[in-house]
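Chemist: How does the following fold in three dimensions:
(chains A and B)
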Amino acid sequence: MSPRAQVYILAALLALMGAGLTIYKNRVLGFPLLPGEYRTVWTIEAKVRFNADGGPVKAALTLPREQRNMEILGETFSSSGYGFNIIRENDEYRAVWSRRAASGAQSLFYQLDVHQTPGAPLEQPLDLSTEVQRPLLEAREQEAVRLAIYSLVDYAHQRSSDTRTFTTQLLTALGDTGNQDRNLIFGYYKDLTLVDVALVVLAAADIPAHRIRGLYLEDDRRRLDPEDLLEVYDGRRWVVFEPTTGSPGVPKNFFIWQRGGKSLLDVEGGRNSQVTFSVIANDVPARDVSMLSTSKEKEALVDFSIYSLPIEQQSIFKLILLVPVGALVVVLLRVFVGLRTSGTFMPVLLAVAFIETQLFTGLSIFTLILILGLWVRFYLSRLNLLLVARIAAVVVTVVILMGAISVISYKLGIEQALTVTFFPMIILAWTIERMSIVWEEDGPYEVVVQAGGSLLVAVLAWWVMTNRYIEHWTFNFPELLLVLLAIILVIGNYTGYRLGELMRFRQLVR
Amino acid sequence: MLGFSMKHVITKLRGGLVSPLALHRMGILGMNARNINYIARYNDRDKFPVVDDKLNTKRAARRYGIPTPELIAAFETQPTRSRVLKLIEPLWQFVIKPARGSGGKGILVIVGRNGDKYKKPSGAEVTAEDILRHVSNITSGLYSLGGKPDRVMVEALVDFDPIFDNYSFEGVPDIRVIVFRGFPVMAMLRCSTHDSDGKANLHQGAVGVGLDLATGKSCHAVQRGLRISRHPDTEMPFDKLKVPGWRDLLRLGASCYEMTGLGYLGCDIVLDRKRGPLLLEANARPGLAIQVANGVGLCTRLKHIEKLDLEQLEKNVDERVTYSMQEFAAVTPS
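Modeler: Got it, this is the predicted structure:
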């Protein structure tokens, strides 16, 4: 195979791989393609309060684990003085706080961050019990209630075609305060909620059902009590109903805490126990959300990437990952334009320095150091020094110049000039050395051309490297480096004319 | 601000730009095409040292019987002061060169002496101390690519054939021949001018004179991209110019193919009064300015050679030169 074909195949493979990984990261792991995307992260806090009797205390709180469209990003428990662990029983996770002796008012906290993702909220094929326990209403004084319940069941049955519509009809009837049967039932079950009553009536109609406890996620809510939904088995699937409206489906912002009938909180050794919730919404950069959600699953692509480095090293890499972009700019300008620079990739290093110093400070410092350095170098060249010694002398001079620039500008109150330290000294020294040779051999005009070319390339590279999209892509999708590599490989195969040649050979065309 | 100035520059430049299609029709070879289609394809990397180091070139040339300027001495490492002084003491005319210099950098030519001082072609005088410094610069790699330590060559000054005296100002006229797979494909004479400060680099203002491969006569002359008919300093018309011993010169160029094994090669040749053509140096990455000097694109000729069958490629030096002289004769000598 010809080298050219190999290049194209390799480039295509690299580009496909890079683009594929990028799309995977965007689609599956949720890394945002554009910078500045924010996602809402809900912080839910459950506060368990009770009065301890003075003896051993054990409090168990059911933890939310059921919902598929809510991603739990992190959780914290506060339990000063309490032993704490999470146990799993009957497919439920429970946080258990325990203490040998406690008295007085106790508060325990559990806090979790969740993020809403698209998708169905609940898993369908579910082995929840479909057993029905008909309510016992055999006593004489319960006759009226029993009749009311069955008449309500009949009423809903006639107005419906299947279990779903039946439940909706039933819930509407239970919400209708003009309905005599409903009033009678509620009169009897004074301390039961709507969902409790609905469960009783559904049991009477022989329909398996249970309660779902959860919260509506709305910003800045405090001291919320858990709300209930109703889940009904229609013979094949479980369907969730919102009890007050009777409409099927999990409401949009509903966060399911517990599915099934067991208790939310059990306290042994305490009284007046209760759980209250508070909800706060935070807008968090989309990338952080993806990072949090993937770090738990140990996604290999993320785990074996620069994200696994400490933050400090990550910020260094942020800069390093921009260098290939600068290299691409150099390649483009040299291959397609034919710009002359002093030192092939010196402009990229300059551009990196410009990122730290800001453009205009960087440009003026660079020009200043170059001019002063050339001046010193011209004197040094008259001293007949050996090359290495001379370059070392230039390095020392550059360092002294940098120090002087820093101190003087600091005294003058120009703080930006302190960033002078970001310039690569050795590169500067070599640039000065090369420039002075160019000056001696080809004259000052060539120096201006080469220095100007280098600066132009450096400024262009800086301009591209500070683009917020480029910054975002290089850091969040390092896979794109493969695409970049592919582009460079393809450019390396370009045999067409350079822009400079269109000018250089213009006299030949007449 | 950046966008504006770029736009400004581009509109200004557009007047001087030609369409790439026009260049393509002319068969002009571009830098990228040269690098990929010719240098990378026909020049093996392992053969580069022969041409990149002038001392190696000299040795190879001796083995193949190709005449070169006489080597007086070579320093592999930093020589002692006394060694250099002892060497240059009896010399009147010599050239000091870095073995791996690029683009003619670091070449010091001494044409005579004035007491203790050494005279450069421009008339400027340097002291022995300056020469020592130059030698030390060369050995520490100031002129070599990548700053690698280099070797110093001291060569005898070529006794130039006076035929070009009127065509050159201060400097050395040399002839560049592009040899492709052993066939000379294009040639030019580089004449230094006052403008170019005695240097033979076209982009510094030297005159490039395109030479007809069939006859060695001038067919086209260019300075700074503009066509001229007379040397700007000496006012000599170029149409009278004819390189003597043209066939020998082409033979020398063509035989460099066997010597170096490089498919795409530029040979720099000078004419000595007594010895005839001498190989100054060979170049594995010859520049493209020769096209401007000739007013003709290289591509057409290179493609012609590429189309030849194996049998034709296996011709000997003489047959190749004959073929080139026939095939690449200037169409309309002007």
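
Chemist: Quick check: chain neighbours aside, which residue is closest to residue 175?
Modeler: Because you didn't say which chain, this covers chain A. With C-beta to C-beta, 6 or more residues apart in numbering or on different chains as the criterion, A:G175 has its nearest non-adjacent residue at 5.9 Å, and that residue is A:T244. For glycine as for every other residue, the C-beta is placed from the backbone atoms N, C-alpha and C.

Chemist: nope, chain B
Modeler: For B:I175, ignoring the flanking residues on the chain, the nearest one in space by C-beta to C-beta, 6+ apart is B:I269 at 4.7 Å.

Chemist: Give the full set of residues in contact with the one you found.
Modeler: B:174-177, B:249, B:252-253, B:277-280 (C-beta atoms under 8 Å, 6 or more residues apart in numbering or on different chains).

Chemist: try it again with 10 Å
Modeler: B:66-68, B:174-177, B:187, B:189, B:243, B:248-250, B:252-253, B:256, B:276-282 (C-beta atoms under 10 Å, 6 or more residues apart in numbering or on different chains).

Chemist: And the average pLDDT for stretch A:101-114 is what?
Modeler: Taken as a whole, stretch A:101-114 has a mean pLDDT of 86.

Chemist: Which pLDDT value goes with the residue of chain B found nearest chain A?
Modeler: Closest to chain A within chain B is B:S140: 3.3 Å, counting by C-beta to the nearest C-beta. If you check B:S140, the pLDDT there is 82.

Chemist: got it, and A:L128?
Modeler: At A:L128, pLDDT is 66.

Chemist: next one: B:H304
Modeler: 90.

Chemist: try the one 3 residues further on
Modeler: B:K307 is assigned 89 on the pLDDT scale.

Chemist: Can you report how many residues neighbour it?
Modeler: Residues within reach of B:K307, counting by other C-beta atoms under 10 Å in any protein chain shown, total 8.

Chemist: repeat for the one 3 residues further on
Modeler: Under the neighbour criterion other C-beta under 10 Å, B:L310 is assigned a count of 6.

Chemist: circling back: report the contact partners of the residue nearest to A:G175.
Modeler: Counting by C-beta under 10 Å, 6+ apart, A:T244 has contacts A:171-172, A:174-175, A:194-195, A:227.

Chemist: In which helix or strand does it reside?
Modeler: Using DSSP states H and E, A:T244 falls within no helix or strand.

Chemist: Give me the mean pLDDT for the helix or strand hosting A:W463.
Modeler: Assessed by DSSP H and E, A:W463 sits inside helix A:444-465. The average pLDDT for helix A:444-465 rounds to 88.

Chemist: Please identify the buried residues of that helix?
Modeler: By 16 or more other C-beta atoms under 10 Å in any protein chain shown, the buried positions in helix A:444-465 come out as A:446-447, A:449-451, A:453-465.

Chemist: After that helix, heading C-terminal, what element do we hit next?
Modeler: Proceeding N to C from helix A:444-465, the next assigned helix or strand is helix A:468-476, under DSSP H and E.

Chemist: Quick one: residues contacting the spatially closest residue to the residue of chain B closest to chain A that is not a sequence neighbour.
Modeler: Distances taken as C-beta to C-beta, 6+ apart place A:L387 nearest to B:S140, at 3.3 Å, with adjacent residues excluded. Listed by C-beta under 10 Å, 6+ apart, the contact partners of A:L387 are A:433, B:136-142, B:147, B:149.

Chemist: Now do the helices in the stretch 151-300 of chain B.
Modeler: Here the stretch 151-300 of chain B has its helices, by DSSP state H, counting those that start in this stretch, at B:246-260, B:289-294, B:299-307.

Chemist: ok, back up a step: touching chain B at all, the helix holding A:W463?
Modeler: Yes. Using C-beta under 10 Å from any C-beta of the partner chain, helix A:444-465 reaches chain B at A:445-446, A:456, A:459-460, A:463.

Chemist: next one: stretch A:333-352
Modeler: Yes. Contact of stretch A:333-352 with chain B is found when judged by C-beta under 10 Å from any C-beta, involving A:334-336, A:338.

Chemist: that older thread, dump the helices of the stretch 151-300 of chain B to CSV, plus distance to chain A.
Modeler: Shown next, in CSV, are these (distance: least, C-beta to the nearest C-beta, whole Å):
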stretch, distance to chain A
helix B:246-260, 22
helix B:289-294, 6
helix B:299-307, 11
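
Chemist: looking at those, which is buried most?
Modeler: Of all the helices of the stretch 151-300 of chain B, helix B:289-294 has the most neighbours on average by mean count of other C-beta atoms under 10 Å in any protein chain shown, namely a mean of 25.

Chemist: what's it packed up against?
Modeler: For helix B:289-294, the packing partners by 3 or more C-beta pairs under 10 Å, 6 or more residues apart in numbering or on different chains; DSSP states H and E come out as helix A:499-504, strand B:174-180, strand B:183-191, strand B:207-211, strand B:218-223.

Chemist: need the ones you listed in JSON lines with mean pLDDT, can you?
Modeler: Output for those, formatted as JSON lines (pLDDT from 0 to 100):
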{"stretch": "helix A:499-504", "mean pLDDT": "84"}
{"stretch": "strand B:174-180", "mean pLDDT": "92"}
{"stretch": "strand B:183-191", "mean pLDDT": "92"}
{"stretch": "strand B:207-211", "mean pLDDT": "90"}
{"stretch": "strand B:218-223", "mean pLDDT": "87"}
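
Chemist: Could you list the low-pLDDT ranges of the chain?
Modeler: Here I'm looking at chain A. Residue ranges of chain A with pLDDT under 70: A:66-67, A:119-130, A:136-141, A:261, A:294-307, A:416-418, A:510.

Chemist: let's do chain B instead
Modeler: Applying pLDDT under 70 to chain B flags the ranges B:1-16, B:103, B:145-147, B:198, B:331-334.

Chemist: Centre-most residue in it?
Modeler: Of all residues in chain B, the one closest to the mean position by C-alpha atoms, centre = their mean is B:D268, 3.8 Å from it.

Chemist: my guess is that residue meets B:D174, correct?
Modeler: Yes. Using C-beta atoms under 10 Å, B:D268 makes contact with B:D174 at a distance of 5.1 Å.

Chemist: so what sits against both of those two?
Modeler: B:104, B:190, B:200, B:278, B:280-281.

Chemist: Of those, which is the most crowded?
Modeler: Among those, B:R190 has the most neighbours (other C-beta under 10 Å), with 24 neighbours.

Chemist: I'd say A:W463 and A:F354 touch.
Modeler: Yes. Using C-beta under 10 Å, A:W463 is in contact with A:F354, at 9.3 Å.

Chemist: Look up phi and psi at the residue in chain A positioned nearest to chain B.
Modeler: The nearest approach of chain A to chain B comes at A:L387, 3.3 Å away (C-beta to the nearest C-beta). Here is the backbone geometry of A:L387 (degrees, to the nearest 10): phi -60, psi -50.

Chemist: Quick one: the strands in the stretch 101-250 of chain B, in order.
Modeler: B:108-110, B:112-114, B:117-119, B:125-126, B:152-156, B:174-180, B:183-191, B:207-211, B:218-223, B:226-227 (DSSP state E, counting those that start in this stretch).

Chemist: picking that back up, quick one, what contacts the residue of chain B closest to chain A?
Modeler: With C-beta under 10 Å, 6+ apart, B:S140 has these contacts: A:385-391, B:78, B:147-150.

Chemist: thinking again about what came up before, now the helices and strands packed on helix B:289-294 as TSV including distance to A:W42?
Modeler: TSV is the format used below for the helices and strands packed on helix B:289-294 (distance: least, C-beta to C-beta, whole Å):
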stretch	distance to A:W42
helix A:499-504	55
strand B:174-180	73
strand B:183-191	76
strand B:207-211	76
strand B:218-223	76
